[in-house]
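Asks: Pasting the sequence and the predicted coordinates here, then a few questions.
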Amino acid sequence: MKASEQAKSGKPVVRGKPLGRRLRDNWQLYALLLIPVVLTLVYKYIPMYGIQIAFRDFKASRGYAGSEWVGLYWFKRFFSAPNCLRMIKNTVLLSLYTLLWTFPIPIILSLIINQLRFGKFKRVVQTVLYAPHFISIMVICGMIRIFLSPSGGLINLLMGSSIDFLTEASAFRTIYIASAVWQDAGWGCIIYLATLANVDPGLYEAAKVDGASIFQRIRNIDIPELLPMAILNLIMAAGGLMNVGFEKVWLLQTDLNKAASDVIAVYVYQQGIESAKYSYSTAVGLFNTVVNIVLLLIVNKIASKASDVEFV
Amino acid sequence: MASTAKKKASGMSDKTSDIILVAICVVVLLIVAYPLYYVLIASFSDPYQVYAGKTFLLPSGFTLDGYKAVFAEKSIVSAFFNSVKYTVIGTVFSVVMLYITAYPLAQKGLPGRKFLSIFFLFTMYFGGGLVPTYLVVKQTGLVGSMWALFLPGGVGVGNMIIVRNYFQNSIPRDLLEASSIDGCSKLRTFLSVVIPLSMPILAVMVVFSMVAYWNDWFTALIYLGGKGSPLPLVMRNILIKSSASASQAATISGGYAELNKLTELLKFCSMIVAALPMLIIYPFVQKHFEKGFMAGAVKG
């Protein structure tokens, strides 16, 4: 009698059971997790173990641990590569400038969209703004090439010029960032709009009665509401600062714009997959990852001091 | 009296600000929508007229030649069906993985839950990188097989957390308790209570997975070794590689002109064929995006 009552009343009793019993009770849940855990071990954790080839002269026949230890040889080689500084600089600048635009624009957009009072128009705006997010980078780059074509591309038609933008290193970052804003600024609004939808409507009413203008309402109600989410996004973005979108850079790269489009991610791909220099490519990739993690920790520290948001 | 006067005054200023806000939104709408619209009308137009700047609002020199060429081009048609195959299989696989991972991790009483959560979460912040992952895929014999597109991605951790939080926040606890009182096992509860009640987030996750697989080409480039290429990868030859020689081809006149025209038309039409399926699908689940994100973003 007592036991069955206990079983019905849930949690506190579950805790009271011995561990072996709890493990047995949950065997179905562990069974569900089996495949995901195995896949994650094999395809996420074994590659982490494989990172050691960055410090070895990897030969497939000798395996990870059997290949000769060379210490920091590959890292030294990377730092003395002729384009090393240019690649680091391009990577950092490209992401930094991208962040500078792609971080604030969704916030501003969602503050505006949130104030729209005609439901249907608001929905149309959201639907259209989300659209580019669902298009493949390949198509986006095809569009970029067509719009920027020196012979009859839309931009040149509008400017009355015939500039081949993709051969100009000075235009590369603008192209990359403008297309990123075009593609994902709308999508970036979702999380902010969802946050703003949670604002108590009574707050707006009260503000209206007090005669607050729309801009005062945005400044005093909406912005404080968005701030924690914005800081969270900023931290996440900072952690990915060295992760430039490889796909787009690679597709837009030409021999003539390399002065700005030569980035670490493309180099890792070329050295690792195209030239099969496994150890060297892994070392360059590892350098990139480590810088990312350091940046993430620094920004997290600053942000957690500046507010009570802590992420990592 | 005074309060109504105030209301009126703020109503007036609201009207002006409404107009400003709507105007800004219309401009933003045009900036986002026009490039897509331009590609659409260009796909029905004579490319020479397009490049001569005669196509702005409506197709000029209306033609269906581009679409005929797209559907006559064997490499595009087979790539299209490859993409359909990868999208269907990949989506089923990914969503099943998300669900069977998220459900156990949503159970607060599960011994080892914290460890398992960290086990998955850690892979979001740190990974082996391109080459070490490639080597494992190669060693497990997946290079050249379509399973290389699905298995290494395994569990999409970001989406998994959204689903897990949705389970914790949006499924009424009473129902879960009722089903366990009725003697349902954890698995039974999952299948007959949790899954049917999670349709909104399921719809969102299905669309996210579909979009990811439909648009992916880089995984295919690395792992498929040129066999069974999906649509975006085949389009690379049309969109990116040919355009390097397009400027040279433009200087060649005569017999090449027709061919050149078709090449250009093929670019517009293949982009529409590649982009349209996903653009048609996402509005159907759009209303769930915000709700799903909100339920998923809050930690339970």
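Replies: Yep, it's here.

Asks: residues touching the residue nearest the centre of chain B, list them.
Replies: Central residue of chain B (Cα atoms, centre = their mean): residue B:211, 2.4 Å from the mean position. Residue B:211 sits next to A:134, B:278, B:282 when contact means Cβ atoms under 8 Å, 6 or more residues apart in numbering or on different chains. The C-beta positions use only the backbone N, C-alpha and C, and glycine is treated the same way.

Asks: Buried residues, whichever strand or helix holds it. List them.
Replies: Assigning secondary structure by DSSP states H and E places residue B:211 in helix B:199-215. Using 16 or more other Cβ atoms under 10 Å in any protein chain shown as the test for burial, helix B:199-215 gives B:200-215.

Asks: avg pLDDT for that helix?
Replies: The average pLDDT within helix B:199-215 is 93.

Asks: Closest approach to chain B from the stretch 51-200 of chain A, which residue is it?
Replies: residue A:152 (2.6 Å; Cβ to the nearest Cβ).

Asks: isn't that residue right next to residue B:52, touching?
Replies: Yes: counting by Cβ atoms under 8 Å, residue B:52 is a contact partner of residue A:152 at 6.3 Å.

Asks: These two - which one has more neighbours?
Replies: Each of residue A:152 and residue B:52 has its neighbours counted (other Cβ atoms under 10 Å in any protein chain shown); residue A:152 has more, 20 against 13.

Asks: If you rank the contacts of residue B:211 by neighbours, which is first?
Replies: residue A:134 (22 neighbours).

Asks: what sits against that residue?
Replies: Residue A:134 touches B:211, B:215, B:275, B:278, B:279, B:281, B:282, counting by Cβ under 8 Å, 6+ apart.

Asks: Please, which helix or strand holds the fourth one?
Replies: The reference is to residue B:278. helix B:255-297.

Asks: what's the spacing between that helix and its chain's center?
Replies: Helix B:255-297 has its C-alpha centroid displaced from the chain centroid by 10 Å (Cα atoms, centre = their mean, to the nearest Å).

Asks: so that helix versus helix B:199-215, what angle?
Replies: Counting by axes from the mean of the first three to the mean of the last three Cα atoms, to 10 degrees, helix B:255-297 lies at 150 degrees to helix B:199-215.

Asks: Distance to residue B:39 for the contacts of residue B:211 - can I get that in TSV?
Replies: Below are those laid out as TSV (distance: Cβ to Cβ, whole Å):
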residue	distance to residue B:39
A:134	14
B:278	15
B:282	18
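
Asks: As TSV, those with distance to residue B:180 and pLDDT would be great.
Replies: Output for the contacts of residue B:211, formatted as TSV (distance: Cβ to Cβ, whole Å; pLDDT from 0 to 100):
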residue	distance to residue B:180	pLDDT
A:134	40	96
B:278	40	95
B:282	37	93
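
Asks: domain ranges for chain A?
Replies: Per automatic domain parsing, the structural domains of chain A span A:1-33, A:75-306.

Asks: Check which helices and strands the strand or helix carrying residue A:37 sits against.
Replies: Per DSSP H and E: residue A:37 is located in helix A:27-40. Helices and strands touching helix A:27-40, by 3 or more Cβ pairs under 8 Å, 6 or more residues apart in numbering or on different chains; DSSP states H and E, are helix B:74-105, helix B:113-125, helix B:186-189.

Asks: Just the C-alphas of it, formatted as CSV.
Replies: Provided in CSV are the C-alpha atoms of helix A:27-40 (Å, rounded to 0.1, in the frame of the first residue of the first chain):
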residue,chain,number,x,y,z
TRP,A,27,17.0,1.4,-19.2
GLN,A,28,14.7,2.4,-22.1
LEU,A,29,16.0,6.0,-21.9
TYR,A,30,19.6,4.8,-22.0
ALA,A,31,18.7,2.6,-24.9
LEU,A,32,17.4,5.6,-26.8
LEU,A,33,20.6,7.4,-26.2
LEU,A,34,22.8,4.6,-27.4
ILE,A,35,23.1,5.5,-31.1
PRO,A,36,23.5,9.3,-30.5
VAL,A,37,26.2,8.6,-28.0
VAL,A,38,28.1,6.2,-30.2
LEU,A,39,27.8,8.6,-33.2
THR,A,40,29.1,11.5,-31.1
